[in-house]
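> What follows is a predicted structure for the sequence shown.
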Amino acid sequence: MTGITILGATGSIGASTLDVVARHADRYRVVALTANRDVAGLAEQCRRFRPTYAVMVDPDAAVRLRHDLADLPNPPEVLAGPAALEQVAALPDVDVVMAAVVGAAGLLPTLAAATAGKRILLANKEALVVAGALLMRAVADHGAVLLPIDSEHNAIFQCLPPRYRDGLAAVGVERILLTASGGPFRDATPAELVDVTPEQACAHPNWSMGRKISVDSATMMNKGLELIEACWLFDTSPARIQVVVHPQSVIHSLVQYIDGSVLAQLGNPDMRTPIAHALAWPERMVSGVAPLDLFAVGRLDFQPPDLTRFPCLRLAYEAAAAGGTAPAVLNAANEVAVAAFLDRRIGFTDIARTVERTLDRLPPTAIRDQGVADLLAVDREARAIAEQSVASPVA
Ligand code: NAD
Ligand code: MG
């Protein structure tokens, strides 16, 4: 049996992972499930999957969960606090860690899984954006295996030969074509974008996802974070990555080779495909996703991204090019701005403005030999500046 820890079990990716795992109960044993504070959600999952450990980051929620599960014959051991996430990511009987916490909060547990040499299924793209060099080095140093869950990166991984780790040039790759749906406001005018509400931003046309990534898709910051994620995963530069807007979200990304070949991975937009792929890799297994019906899809469209209407994508390109601490600052400011937008404290177009102001006030420094504590200090500083920007009237 393969032991699995799911970090962020109650979220959209967490639920999809448990759906796939439930289809293969003969192969997977759920060792630990974690959540931030959703007691009802985690309690229900614990009753169904009977993990050895359940973690609540919020200590009060942990008390309530313990109470809620007290009637079980063998209740899970309920742990509390962020350090418990690292603990359950590194347990000896855990083989696979699904990293599906949202935001930079997922960095330390993902790093703990890497240091413990686990197979990491990485949904938590923010961890790579904040600390790409550190995380990739930890994976290499400790013999961990990092498999991308983000549908685009999983598609790219599937379109590359196994030897791609020798370098993309060595395997004849010309560039990566990173597809983007364009989000719910792909064709909105600049004036329409000003009045966008959280409800509209969270209503993605093709994917059902958590609220933070839904807003990121609407601003296209998601594609910006994915650009940086791709640079780390595939050891390449932003210049070798072309963002392609593809409204149908059927092609999940492509790899263009020097001989003119372009390989793509297609499928229905359902995260259970990349999850099942990474769980079973290098084999394949059933995911529960309906087969793709090309006749129902009918047509596939492509257009270039508009960096003027979607300044978050431009800011991410600039942060990727600047390197150093810039991606960590970009990510922290974006997390603050998205939370403020969801709380109706700022408008939709203020998200990009907040990120830009924060980047202006915290110019990138080179990443010397930064440890995780240094990066988390940058993350905190950027959050404080972004909070000030959110609180002060926008020029
Ligand atoms: P979500 O909001 O639905 O779920 C987030 C999970 O993380 C929940 O279990 C929540 O309890 C937990 N969590 C939240 N804050 C936390 C904190 N501070 N500490 C510990 N745990 C915390 O999010 P999601 O849509 O499932 O996305 C998770 C990650 O996967 C994100 O990084 C996202 O970018 C990435 N991702 C998601 C999708 C998707 O389709 N949903 C696709 C690609 C990548
Ligand atoms: Mg994606």
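Yes, it's here. Please read these numbers as outputs of a predicted model, since none were measured by experiment. Ligands and ions are numbered 1, 2, ... in the order given.
> Just want the phi and psi numbers for residue 210.
The phi/psi pair for residue 210 (degrees, to the nearest 10) reads phi -60, psi 160.
> Pretty sure it sits against residue 103.
No: between residue 210 and residue 103 there is no contact under CB atoms under 8 Å: 9.9 Å. Every residue, glycine included, has its C-beta placed from N, CA and C.
> Settle it for me: which of these two has more neighbours?
Neighbour count, other CB atoms under 10 Å: between residue 210 and residue 103, residue 103 has more, with 22 against 19.
> right, and the more buried one touches residue 126 too?
Yes: the pair residue 103 and residue 126 passes the contact test of CB under 8 Å, sitting 5.1 Å apart.
> what is in contact with these two at once?
Common neighbours of residue 103 and residue 126, using CB atoms under 8 Å, 6 or more residues apart in numbering, are residue 335.
> Could you list which residues are in contact with residue 252?
151, 152, 154, 155, 179, 264, 265, 266, 267, 274.
> correction: residue 387
Residue 387 is in contact with residue 336, counting by CB under 8 Å, 6+ apart.
> Could you do residue 306 as well?
Shown in contact with residue 306 (CB under 8 Å, 6+ apart): no residues.
> Before we go further, it is sitting in a helix, right?
No: counting by DSSP: H, G, I helix; E, B strand; the rest coil, residue 306 is not found in a helix; it is coil.
> State the pLDDT value of it.
Residue 306 carries a pLDDT value of 97.
> how about the residues of the chain that lie near ligand 1?
Residues of the chain lying near ligand 1 by CB under 6 Å from any ligand atom: 8-14, 35-36, 38, 57, 100-102, 105, 123-126, 150, 207, 209-210, 212-213, 271.
> same thing but at 5 Å, please
8, 10-13, 35-36, 57, 100-102, 105, 123-124, 150, 209-210, 213, 271 (CB under 5 Å from any ligand atom).
> ok, back up a step: tabulate the contacts of residue 252 (a markdown table), appending secondary structure, neighbour count and distance to residue 286.
Formatted as a markdown table, the contacts of residue 252 follow (DSSP: H, G, I helix; E, B strand; the rest coil; neighbours: other CB atoms under 10 Å; distance: CB to CB, whole Å):
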| residue | secondary structure | neighbour count | distance to residue 286 |
| --- | --- | --- | --- |
| 151 | helix | 24 | 18 |
| 152 | helix | 28 | 23 |
| 154 | helix | 27 | 17 |
| 155 | helix | 28 | 19 |
| 179 | strand | 28 | 25 |
| 264 | strand | 19 | 22 |
| 265 | strand | 22 | 17 |
| 266 | strand | 15 | 18 |
| 267 | coil | 22 | 13 |
| 274 | helix | 29 | 14 |
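> for those, which one is nearest residue 47?
residue 274 (27.2 Å; CB to CB).
> Spatially, which residue comes closest to the closest residue to ligand 2 within the stretch 101-250 of the chain, not counting chain neighbours?
Taking CB to the ion, ligand 2 has its nearest neighbour within the stretch 101-250 of the chain at residue 150, 4.2 Å off. Take residue 150 and drop its neighbours on the chain: the residue closest to it by CB to CB, 6 or more residues apart in numbering is residue 125, 5.6 Å away.
> before we move on, what about residue 361?
That would be residue 385: by CB to CB, 6+ apart, it lies 5.3 Å from residue 361.
> And the helix or strand hosting the one you found, what's buried?
Using DSSP states H and E, residue 385 sits in helix 372-391. Buried residues in helix 372-391, defined by neighbour count with 16 or more other CB atoms under 10 Å: 372, 374-376, 378-379, 381-383, 385-387, 389-390.
> In CSV, list the C-alpha atoms belonging to it.
What follows is helix 372-391, C-alpha atoms only, in CSV (Å, rounded to 0.1, in the frame of the first residue of the first chain):
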residue,chain,number,x,y,z
VAL,A,372,13.9,29.7,3.9
ALA,A,373,13.9,32.1,6.9
ASP,A,374,15.2,34.9,4.6
LEU,A,375,12.6,34.3,2.0
LEU,A,376,9.8,34.2,4.6
ALA,A,377,11.1,37.5,5.9
VAL,A,378,10.8,39.0,2.4
ASP,A,379,7.3,37.5,2.2
ARG,A,380,6.3,39.2,5.5
GLU,A,381,7.8,42.5,4.5
ALA,A,382,6.0,42.5,1.2
ARG,A,383,2.7,41.6,2.9
ALA,A,384,3.1,44.6,5.3
ILE,A,385,3.7,47.0,2.4
ALA,A,386,0.9,45.5,0.4
GLU,A,387,-1.5,45.9,3.4
GLN,A,388,-0.5,49.6,3.6
SER,A,389,-1.2,50.0,-0.1
VAL,A,390,-4.6,48.3,0.4
ALA,A,391,-5.4,50.6,3.3
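> Thank you, goodbye.
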